[in-house]
Every structure is written in structure tokens, then in C-alpha cells.
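K.L.:
Give me the fold of what follows.
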Amino acid sequence: MASLDTRGVASLLREYAQRTALRGGNPYRAKAYSRAADSLAALTVPLDVLVAGDRLTEIPGVGDAIADIITKVHKTGSHPSLEKLRKEIPAGVLEMLAVPGLRPEKVLRLYKDLGIGSLSELEAAAKDDRIKKAKGLGAALQAKILQNLAIAKSGEGRLHLHRAAALLAHAKDSIRKSRPELKRVTIAGDFRRGCELVGDLAIVAEAAKPDKTSTPSADGLQIRVSDRKHFGAALLFATGSAGHIKQLQALAAEKGLRLDADGLHKGRTLIAGEEAEIYRALGLPFIDPELREGRGEIEAALKGKLPKLITDQDLRGILHCHTDASDGTETLETMAKATRQRGFEYFGVADHSKSAHYAGGLSVEEIAQQHREADRLNKRFGKGFRILKGVESDILADGSLDYPDEVLERFDFVVASIHGRFKLDLKAQTQRLLRAVSDPHTTIIGHMTGRQLPRRPGYEIDVEKVLRACARHDVVVEINAHPWRLDLDWRWHQAALEFGCMLSINPDAHSILELDHMHWGVQMARKGGVPADRVLNAMPLPEITRYLRQKRRSFARAA
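P.N.:
Have a look, this model is predicted:
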């Protein structure tokens with residue numbers, strides 16, 4: 001039997017992961033197989049070369065055990081353990097694992113108790129009310145299935161930004177090592193555009209001669225090789241989006257020009273091959289990749305109204321972080337020092353409030369203890385760095401904040417967030433948020449819609465109404481930088497700016513490593529067209545201190 005290529009091995013490894021998850025036991029084993037399959041999707045060296053050279057463990061997430069599985073699958077087209085698992089569960093059952101909120105044990109129950117063996121059968125059973133009548137399943141699960149079926153169909157195969165970043169970085173490194181003759185190895189695709197989920201893994205590289213036969217090296221990774229003369233055009237087209245390219249081509253046609261993946265032409269003459277040259281020849285300033293979605297950016301560019309987008313370097317401090325006082329992994333001192341080492345001027349601690357029992361929410365006594373610790377550390381840090389005393393206060397079902405006024409007044413800032421009762425209807429959920437926004441103690445509304453990519457849609461709210469209320473009450477809107485949230489969605493950022501809102505890019509960090517999530521929040525802000533002067537934590541320490549002090553004075557007057 002002929003050996004399987006990378007795409008085939010990745011597919012079988014992903015199937016192995018799914019069947020292992022359905023078998024139960026250690027959940028990390030299934031996740032390890034799935035991550036290894038993702039890594040194969042970004043492989044730039046032929047799999048048979050790695051197998052022959054005993055180099056599979058160079059692939060991210062591939063240890064000796066998974067390397068043995070990959071080797072056997074590559075050489076034989078299967079694996080004894082996989083064949084054994086296939087006898088237990090039909091292939092169609094695996095489709096149901098794509099439904100957000102549907103855990104493997106529930107999928108197994110649906111198959112064994114109700115005989116549901118595919119995604120289409122699951123949808124039919126939910127619409128026929130068969131699931132809610134089954135013992136151990138019920139109406140809540142049925143409602144979740146109906147709600148999330150669309151997500152299962154639309155989000156398949158897409159990666160979180162941080163995961164895509166790791167795969168693409170490895171791919172770039174691998175290309176440089178295996179093909180040293182290539183220059184300007186550049187990431188393109190929807191990752192370069194800063195999309196919140198990445199399915200289009202793409203790399204463009206420069207060679208002495210163009211490679212017209214470039215094809216995907218594995219499932220998901222496109223490598224385009226161009227010569228120096230046409231590199232910029234190749235990068236432009238590989239970046240997209242399709243809508244943006246189509247509008248550029250229409251503009252070119254209006255000017256009697258032709259734009260294609262080889263560059264901008266007048267007749268048979270190439271007049272521009274680099275990205276910036278193409279935009280300039282079309283009468284446009286350079287349009288940042290994050291804005292290239294065909295959503296009015298070309299019209300704005302023609303009018304000279306493109307925003308100057310925020311950068312990582314514009315951020316001066318970090319807000320909304322957790323410590324081991326609630327559900328974080330590190331002490332206040334450790335988190336503050338790590339923030340300072342990253343060059344920031346302030347660290348805004350915001351542990352969970354008392355109603356968040358699941359997250360070790362702080363009692364009033366624990367708040368006092370944390371504030372004493374912050375005061376002690378601030379004396380040690382001196383004037384160049386400061387811990388800001390905050391809290392992530394639960395928005396209760398009626399919209400009130402967790403803690404009485406006299407406690408909330410002790411904080412420098414309050415992040416008000418919803419962590420439960422997600423299923424309230426649109427009117428009730430919106431009113432809940434509006435009451436929280438109108439509370440004079442609220443500084444920031446945290447992860448406004450509560451979404452988790454791609455596993456959970458946001459709860460139902462009238463986003464526009466809430467944003468208008470935030471502008472009216474001088475409440476900052478969070479861009480939650482955790483790659484599973486990235487909430488508020490970038491598609492609402494322009495509306496927030498037009499209404500007069502300030503935004504804050506917050507990592508929602510629960511560990512030192514998660515402090516670096518700030519970068520993904522910046523990516524979302526850039527995609528939403530946000531400039532630095534509209535971001536709260538782009539303020540230097542003296543300025544944000546004054547801002548927060550004025551906010552506290554305003555709620556003191558209101559009281």
C-alpha cells in the first residue's frame with residue numbers, strides 16, 4: 001500500500017483524537033492528538049522526509065508516542081488502535097463533536113440512547129423534540145444544540161489566533177531551514193488581516209524565479225513563491241480579503257488599469273508590483289491589512305479618513321487581571337512584577353467578586369487584605385509603576401453590582417461583567433446591562449456579549465443600545481484580549497467610537513503568560529479601526545490616575 005501524505009495522516013490523527021475523546025479517560029490525550037493534527041496542517045517539509053530522518057518530534061506537539069502513531073499511519077494508512085476504535089462508533093457520530101457545548105459523554109449518550117448517528121440526525125431529533133424527553137439529556141441541552149448547530153457548520157477547521165500564530169511561526173522557521181534560498185518569508189491570509197479565527201494559513205516567499213506550480217503542502221497551509229518583481233502583488237492577493245481585492249480591481253479598471261496576482265498593469269506593462277506601490281498607483285495610501293475586509297476602507301482611504309491604528313507600543317498599562325486571591329495562578333506581587341518587566345507603567349488587579357464562588361470571589365475582608373498588600377508594594381515600586389486596585393464585579397440578575405456602595409467606593413476601578421444567567425431574553429439581558437452601566441461605580445463593562453470562540457455565542461443583547469448607554473455614562477467598553485473571547489467583536493468598534501465610547505484592551509489574565517494576550521486585543525482593536533487616543537490603557541500613569549480619580553469623584557457626587 002502507498003504511504004499516506006501529510007493531509008491524509010492529519011485527517012486520521014484528528015479522527016483518532018475524536019474517537020479517543022468519545023472513549024473517555026484522560027481528556028488531555030485526545031487534545032494532544034488534535035494539536036498534533038493541527039501542527040501537521042502547517043508542515044512545510046514533506047512528511048516522508050521527517051519520517052525517514054526520525055525527525056517527527058521536531059513538529060510542535062509531537063512527542064515519541066505520537067511520532068510512533070504518525071509513522072505507522074503514514075506507512076500503512078491506518079493504526080491498530082484506530083481500527084479498534086472504529087468498530088465501537090460509526091463515523092457519523094464524530095460530526096456531533098463539532099457542536100459547541102456538546103461534550104463527548106453527551107454525544108455518546110445521544111448515540112446509544114437515541115440512536116442518533118450524524119449531525120443531520122441530531123438536527124432532526126432536536127427539531128422533533130426527541131432530545132428534551134430523554135432522561136439525562138433534557139430541554140436545556142436540546143435548546144443548546146439548536147442554537148449552536150450553525151456554529152458547528154461555520155467554525156469547522158478554524159483556529160484561535162494564538163494557536164495559528166504558533167503554527168505559522170513554526171512553518172516560517174521550517175521554510176527558512178529547508179529552503180534557505182527563499183527570502184522575505186511572510187505570513188499572509190486571514191491571520192495577517194487579524195481575523196479572530198483563522199482558517200486560511202498562508203505564506204508568501206520570494207525566490208529568484210516564480211513558482212507557478214505552488215500548491216498546498218498540507219491541509220490548510222498555502223505556500224506561494226514569487227519573484228522579487230511580483231512579490232508585493234502575490235502578498236496582496238494572498239492576504240485578501242476577496243471583497244477588498246475585488247474593490248481594488250474595480251478601482252483599477254476605472255483608471256484603465258488591470259490588477260491581478262502578478263501586479264498592477266497598464267496594458268502589458270507592469271507599473272506596480274509592491275503592495276505600497278499598488279496602493280499609491282491607485283491613488284490610495286497604504287491600507288493596513290487588518291482593515292482589508294471590503295467594509296468601506298477604500299472609500300475612507302480615498303477621502304483621507306483612514307484611522308491611525310493603535311499598536312502594541314501604544315499601550316502603557318494593563319487592566320483586568322486575576323491573582324491567586326481568586327482564580328489566578330500567581331500572587332499579586334508576581335503578576336505586578338511581570339507586568340513591570342514587560343515595560344508597562346501600571347497593573348490593574350481585578351479579581352472576582354464574592355458572588356463568583358466558582359472562582360474564589362473575594363470577601364470584604366480579603367479585599368482589605370489585598371489593598372494593604374497593594375499599598376505595601378506600591379511604596380516599594382515608587383513613582384514609576386503602580387498597582388491599581390480594581391475588581392471584576394459580577395452583574396447580578398437584576399443588573400446591580402456585587403458588593404454594596406461603600407465597598408465599591410474603595411476601588412480605583414470596577415470592571416462589571418456577566419458570568420451567569422446567560423439565557424435571559426434580549427430585553428431582560430439588555431436591561432440588566434443598562435442598569436450596570438448606569439451604576440456610577442462602573443468603570444468598564446467586561447466582555448460585553450459573553451461569547452467564547454467558537455464554542456459559545458454571545459448572550460442576546462441590544463449591543464447598540466448598551467454602547468450608547470456606555471457613552472452617555474462615561475463607561476469604558478472592554479476589548480477582552482483572551483483569544484477565546486476577543487469581545488467586544490471588532491465589527492462593533494466603529495459604532496462604539498462614533499457614539500463616543502472609550503475602549504480598554506484587557507488581557508483577562510489569570511497567569512503570567514496570559515499577560516501577553518494583550519497583543520491579540522491590539523489586533524482586534526486594529527481590525528476595528530481603533531486609534532490609540534480612544535483606548536483607556538494607552539494613557540500614561542499620571543493621566544489614567546487623574547481619569548480614574550475624576551470618575552470616583554463623579555460617583556461620590558452622585559451618591
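
K.L.:
In terms of secondary structure, what does the lowest-mean-pLDDT helix or strand in the chain contact?
P.N.:
In the chain, no helix or strand scores lower on mean pLDDT, DSSP states H and E than helix 138-154, which sits at a mean of 77. Other elements packing on helix 138-154 under the criterion 3 or more Cβ pairs under 8 Å, 6 or more residues apart in numbering; DSSP states H and E are helix 119-127. All C-beta atoms are positioned from the backbone trio N, CA, C, and that covers glycine.

K.L.:
What are the buried residues along the helix it packs on?
P.N.:
L119, E121, L122, E123, A125, A126 (16 or more other Cβ atoms under 10 Å).

K.L.:
now what about it, what contacts it?
P.N.:
92, 95-96, 98-99, 110, 114, 116, 131, 142, 145-146, 149, 152 (Cβ atoms under 8 Å, 6 or more residues apart in numbering).

K.L.:
which of those are buried?
P.N.:
Buried among these by 16+ other Cβ under 10 Å: E95, M96, A98, V99, L110, L114, I116, I131, Q142, I145, L149, A152.

K.L.:
wait, what's in contact with the fifth one?
P.N.:
Translated: L110. With Cβ under 8 Å, 6+ apart, L110 has these contacts: M96, I116, L122, A125, I131, L137.

K.L.:
Quick check: the farthest pair among those?
P.N.:
Spatial extent of the contacts of L110 (Cβ to Cβ) is set by the pair M96 and L137 at 12.6 Å.

K.L.:
how close does the residue minimising distance to the centre of the chain get to Y459?
P.N.:
Centroid-nearest residue in the chain: P483, 3.1 Å away (criterion: Cα atoms, centre = their mean). Counting by Cβ to Cβ, to the nearest Å, the gap from P483 to Y459 is 20 Å.

K.L.:
Report the mean per-residue pLDDT for stretch 257-268.
P.N.:
Averaging pLDDT along stretch 257-268 yields 95.

K.L.:
Please state the offset of that stretch from the chain centre?
P.N.:
Here the centre of stretch 257-268 is set off from its chain's centre by 36 Å, with Cα atoms, centre = their mean, to the nearest Å.

K.L.:
ditto for stretch 447-458
P.N.:
Chain-centre distance of stretch 447-458: 11 Å, with Cα atoms, centre = their mean.

K.L.:
and for it, what are the contacting residues?
P.N.:
Stretch 447-458 is touched from outside by 100-101, 147-148, 151, 154-155, 158, 160, 196-197, 417-418, 422, 433, 459, 461, 463, 466, 477-478, 480, 483-489, 508, with contacts defined as Cβ under 8 Å, 6+ apart.

K.L.:
Just the buried ones out of these, please.
P.N.:
100-101, 147-148, 151, 155, 158, 160, 196-197, 417-418, 433, 459, 461, 463, 466, 477-478, 480, 483-489, 508.

K.L.:
how much does the least confident helix or strand of the chain deviate in direction from helix 119-127?
P.N.:
140 degrees (axes from the mean of the first three to the mean of the last three Cα atoms, to 10 degrees).

K.L.:
who touches helix 138-154?
P.N.:
98-102, 106, 119, 122-123, 126-127, 129, 131-132, 454-457.

K.L.:
how does it look with 7 Å?
P.N.:
Residues from elsewhere that reach helix 138-154 (Cβ atoms under 7 Å, 6 or more residues apart in numbering): 98-102, 106, 119, 122-123, 126, 131-132, 454, 457.
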